[in-house]
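A.B. asks: let me see the structure of the following:
(one chain, ligands or ions: 1)
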Amino acid sequence: MKEIYTLKDLQDWPRPQKKSVPPIRLGILGDPVAHSLSPQMQNAGLESCGLKLRYARFEIDSGELPTALDLLRKLDFAGVNLTVPHKIAALEFMDDVDEHARQIGAVNTIKIDDGKLRGFNTDGKGFSRAIREEFSVDLRDLRVLVLGAGGAARAIALQCAKENCERLVIANRTIEKAGDLAKELRDFFAGPKVFGPVPRLQAIPWEESAFRFQIANIDLVVNTTSVGLNRADASPIPARLLAPHLMIYDTIYSSVRTPFVSAALESGARGANGLSMLLHQGALAFEIWFEREAPLDAMRAALL
Ligand code: ATR
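C.D. replies: Below you'll find the model as predicted:
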């Protein structure tokens, strides 16, 4: 099996994958996609269940997405995952979109059923399961600060809202985007829960004074921005503003500590990176494709 397949490979299929036994019928589409850990995780899952399919990486750029999806449909693929930059753009090419994915406005999992593309989004639920696994708590009980207002933030913020979290604060460098997201979620927070003088739902600017003010009324801080993708990056919130009562979750995954997790530990808080979310969103995708429970232990072991 090649490390990375391209649109050209899909156009020449099945020749490029001839040597792959079992055949490739699943994959991740993205650009870049080389760093993705999904193939090792999903292939371990497939193998452990005795499913005779393999999962591969496909480097597909924005312009190539419609052609690639059409080819996958014709080539009898079982499904794919989508990553940057396709999650939002893919919506319009689906034959059918699950209600939750439509609400988020993004698709991360496609199931191909009788040649039909059905779009799902497992990021929010995957996040919720990751938080339970890492910190043994449910979102329902938490006051959450989400850093960022892009695709990942939308999935996570909506999940927090749906699970009726105590409080949701969204901070973004472009404050208007945080405001728009908060506005969309307003109805979820119209209920009677009142938490002292602070609002249950709030958009705040990406500023030290705003973070400083919020931290005492927050339990969980989630980084969905790309700050920390490079090991040399600073933490999105410096350690001196964090506090020991916090749970810190960085959606960036890494085998070493991300800058945000390092800052958490330095401040005495608990911290976890996005490997657990990668695992759970992938397990949920597996369950959509095969309508059976995912082999979590095998998939987790492949990531560690
Ligand atoms: P994803 O789909 O992974 O969420 P995205 O939609 O491109 O990616 O969102 C990226 C997020 O990271 C945005 O919230 C972005 O802030 P802006 O809306 O202001 O662009 C945030 N982000 C990226 N670089 C950042 C930086 N250097 N500092 C703070 N936020 C940053």
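A.B. asks: OK, contacts around the residue of the stretch 1-150 of the chain found nearest the ligand?
C.D. replies: Residue of the stretch 1-150 of the chain nearest the ligand, by Cβ to the nearest ligand atom: G150 (2.1 Å). Yep, even glycine has a C-beta here, placed from its N, CA and C like the rest. Each residue near G150 by Cβ atoms under 8 Å, 6 or more residues apart in numbering is listed here: 177, 224-225.
A.B. asks: any chance of JSON lines for those, columns neighbour count, distance to the ligand and pLDDT?
C.D. replies: Shown next, in JSON lines, are those (neighbours: other Cβ atoms under 10 Å; distance: Cβ to the nearest ligand atom, whole Å; pLDDT from 0 to 100):
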{"residue": "K177", "neighbour count": "17", "distance to the ligand": "5", "pLDDT": "97"}
{"residue": "T224", "neighbour count": "27", "distance to the ligand": "5", "pLDDT": "97"}
{"residue": "T225", "neighbour count": "24", "distance to the ligand": "3", "pLDDT": "96"}
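A.B. asks: up against the ligand, what does this protein have?
C.D. replies: Applying Cβ under 6 Å from any ligand atom, one finds that the chain approaches the ligand through 148-153, 172-174, 177, 206, 224-227.
A.B. asks: contacts for stretch 172-181, please.
C.D. replies: Contacts for stretch 172-181 (Cβ under 8 Å, 6+ apart): 147-150, 153-154, 157, 170-171, 203-206, 225.
A.B. asks: strands - which of these land there?
C.D. replies: Judged by DSSP state E, the subset of the contacts of stretch 172-181 located in strands is 147, 170-171, 203-205.
A.B. asks: who wins for neighbours among those?
C.D. replies: In terms of neighbour count, I170 stands highest of the ones in strands among the contacts of stretch 172-181 at 28 neighbours, by other Cβ atoms under 10 Å.
A.B. asks: helix or strand: which one has the residue nearest to it when sequence neighbours are not counted?
C.D. replies: In space, and not counting its chain neighbours, I170 is closest to A178: 4.3 Å by Cβ to Cβ, 6 or more residues apart in numbering. According to DSSP states H and E, A178 maps onto helix 175-184.
A.B. asks: about what we covered before: tell me the phi and psi of the residue of the stretch 1-150 of the chain closest to the ligand?
C.D. replies: Main-chain torsions, G150, degrees, to the nearest 10: phi -90, psi -160.
A.B. asks: now swap in I60 and tell me
C.D. replies: phi -130, psi 130.
A.B. asks: hmm, it is touching L7, no?
C.D. replies: Yes: using Cβ atoms under 8 Å, I60 is in contact with L7, at 5.9 Å.
A.B. asks: more neighbours: these two, which one.
C.D. replies: I60 (26 against 18).
A.B. asks: show the contacting residues for that one.
C.D. replies: 6-7, 29-31, 33, 68, 86.
A.B. asks: returning to that earlier point: quick one: pLDDT of the residue of the stretch 1-150 of the chain closest to the ligand?
C.D. replies: For G150, the pLDDT comes out at 91.
A.B. asks: give the rounded mean pLDDT of the strand or helix carrying Y55.
C.D. replies: Applying DSSP H and E as the criterion places Y55 in strand 54-59. Average pLDDT, strand 54-59: 98.
A.B. asks: need the contact list for the residue most central in space within the chain.
C.D. replies: In the chain, the residue lying closest to the centroid (Cα atoms, centre = their mean) is D123, at 4.0 Å. By Cβ under 8 Å, 6+ apart, the contact list for D123 reads 104, 106, 108, 152, 155-156, 277, 281.
A.B. asks: could you do N108 as well?
C.D. replies: 81-83, 87, 101, 120-123, 155, 281, 285.
A.B. asks: contacting residues around G30?
C.D. replies: 36, 57-60, 82-86 are the contacts of G30 under Cβ under 8 Å, 6+ apart.
A.B. asks: which element, helix or strand, includes R129?
C.D. replies: Per DSSP H and E, R129 falls inside helix 123-135.
A.B. asks: CA atoms only: put that helix into PDB for me.
C.D. replies: C-alpha atoms of helix 123-135 as PDB (Å, rounded to 0.1, in the frame of the first residue of the first chain):
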ATOM      1  CA  ASP A 123     -16.500  15.300  16.000                       C
ATOM      2  CA  GLY A 124     -18.900  16.600  18.700                       C
ATOM      3  CA  LYS A 125     -19.800  13.200  20.000                       C
ATOM      4  CA  GLY A 126     -16.200  12.100  19.800                       C
ATOM      5  CA  PHE A 127     -15.200  15.100  21.800                       C
ATOM      6  CA  SER A 128     -17.800  14.400  24.500                       C
ATOM      7  CA  ARG A 129     -16.600  10.800  24.800                       C
ATOM      8  CA  ALA A 130     -13.000  12.000  25.000                       C
ATOM      9  CA  ILE A 131     -13.800  14.400  27.900                       C
ATOM     10  CA  ARG A 132     -15.500  11.500  29.700                       C
ATOM     11  CA  GLU A 133     -12.600   9.300  29.200                       C
ATOM     12  CA  GLU A 134      -9.900  11.800  30.100                       C
ATOM     13  CA  PHE A 135     -11.500  13.500  33.100                       C
END
